[in-house]
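> need coordinates for the below:
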Amino acid sequence: MSPMESIVVVGGGAAGVAAAESLRRDGYSGSLILLGAEPALPYDRPPLSKQVLTGAWTHERTRLHEREHYADLGIRLVYARACGLDAGRRVIDLDDGRRPAFDGLIIATGVQPRRLPAGHHLAGVHVLRGHPDVAGLRAAFESGRQVVIVGAGFLGMEVAAAARAMNVDVTVVDLLAQPMIRQVGPEIGAAIARLHRDHGVQLRTGVGVGELTGAGGRVTAVALDDGSTLPAGCVLVAIGAVPATGWLGTSGIPLGDGVECDEYCRAAPGIYAAGDVASWFNPRYRRRMRLEHRMNATEQGTAAAHNLLHGDVQPFSSLPYFWTDQYDVKIQAHGVFPAGCAVSIEAGSPGAGRFVALYRKGGRLAGVLGWNAPARVLPYRKLLLEQQMTVG
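Numbers count the residues shown, from 1 in each chain. Here you go, the predicted model:
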């Protein structure tokens, strides 16, 4: 393949930064642009719902690197939003009118929060994706307003824990029967529910949200599907996210649940994707996956850069890994957690506040979850890496 002289990485998060750094490590010496939609140095997002929200960390502490790091690597930081791609002419349209050209492209634009169809426009209604969102949510918490969180996934439950750390009264609403049930199943979901109730969180599970209502343009209540109403001066909508692919609509790049890639993270000749936005064929599981996990962003950014530079030499067959910190509990999980898994406690017990849970599907190990047991999950992670997994 002919040598590339210009590469653009679109997306200034963990996947984009990992891709740009990997290109330099692998010997690429041409023009390298890292394009970020926010006018700020690239930063880490997981601490936003925890340490930054509670005030334990400043915004600056979340920076992945200081400005000198990018200058030393010859990475040009450009702050603008990509609004179009001409894949044929190898040009990106930016919202400020510029049109950078490229020989190689890595798409790492992440995801955008879902919004509620009714009442989301009201003042006091928040999503949590970036630093400006944290500032608004923290101010609302400090004002003493009644807080309702819509959505009991990772983000919703982490913010609930942060709210209680700030002595804020909070109610979490979710249509499903247990918190985080999609991620960890009903058994561990029930343990998470107990953890939050023990810390004073009000949980309304098994009921959906009809609409957000307000007065004078500000939210005042959350109307539920069962006819009841929750007073609310602050609402966090944490009902998941969608891949940020709107700017690619007319590009010809294959889109589905994200940018559709092959096992090398390649979406089109010279165009790759990584991180939350990438839907790729994972050879480990012999199926397409899209992961919104922090570790995956770094690993896939590195893999996409390597394959772009060297010509599809290494399939990306990662073992999914995620973690979440809530109160004094650290949950770490490796593998996949398909619906209908058989769950068994292999070490410790939920009552003791420390345990390891194994997830099996069809008699085979699919995943392992540790609850305050980081060392104990490692042998099972090794087992998952060694076996030929097709469950999920």
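
> doesn't E5 make contact with D103?
Yes - the pair D103 / E5 is scored as a contact, 5.7 Å apart, by CB atoms under 8 Å. No exception for glycine: its C-beta is placed from N, CA and C like everyone else's.

> of the two, who's got more company?
More crowded of D103 and E5, by other CB atoms under 10 Å: D103, with 16 against 13.

> number of nearby residues for the nearest residue to the more buried one once chain neighbours are set aside?
Nearest non-adjacent residue to D103, counting by CB to CB, 6 or more residues apart in numbering: M4, 3.9 Å away. Using other CB under 10 Å, M4 has 17 other residues around it.

> quick one: low-confidence ranges for this structure?
Across the chain, the ranges flagged by pLDDT under 70 are 1-2, 388-392.

> what is in contact with D103 and E5 at once?
Residues touching both D103 and E5 by CB atoms under 8 Å, 6 or more residues apart in numbering: G30.

> quick one, strands of the stretch 251-392 of the chain?
Applying DSSP state E, counting those that start in this stretch to the stretch 251-392 of the chain gives strands spanning 255-256, 258-261, 266-268, 271-273, 278-282, 287-289, 321-326, 329-335, 342-349, 354-361, 364-371.

> tell me the most buried of those strands?
Using mean count of other CB atoms under 10 Å, the stretch among those with the largest mean neighbour count is strand 271-273, at a mean of 30.

> just checking: what are the partner strands of that one?
Looking at strand 271-273 with DSSP bridges, its partner strands are strand 104-107 (parallel), strand 266-268 (antiparallel).

> how near is the nearest residue to L105 once chain neighbours are set aside to L255?
Leaving aside its sequence neighbours, L105 sits nearest to I271 (CB to CB, 6+ apart; 4.7 Å). From I271 over to L255 the distance is 12 Å, taken as CB to CB, to the nearest Å.

> quick one: contacts for the nearest residue to W371 once chain neighbours are set aside?
Distances taken as CB to CB, 6+ apart place F355 nearest to W371, at 5.1 Å, with adjacent residues excluded. By CB under 8 Å, 6+ apart, the contact list for F355 reads I345, E346, A347, G348, S349, G370, W371, N372, A373.

> ramachandran coordinates for the last one?
A373 has phi and psi values of phi -140, psi 60 when expressed as degrees, to the nearest 10.

> was I right about it contacting A352?
No - A373 lies out of contact with A352 (CB under 8 Å); the separation is 10.3 Å.

> so for these two, which sits in the more crowded spot?
Using other CB under 10 Å, the more surrounded residue of A373 and A352 is A373, with 21 against 9.

> hey, where'd the helices end up in this structure?
For the chain, the helices defined by DSSP state H occupy 14-25, 51-54, 67-72, 131-142, 154-165, 181-198, 294-310, 378-386.

> out of those helices, nearest to A118?
With CB to CB as the criterion, A118 lies closest to helix 154-165 of those, at 18.9 Å.

> quick check: angle from that closest one to helix 131-142?
Between helix 154-165 and helix 131-142, the angle comes out at 40 degrees (axes from the mean of the first three to the mean of the last three CA atoms, to 10 degrees).
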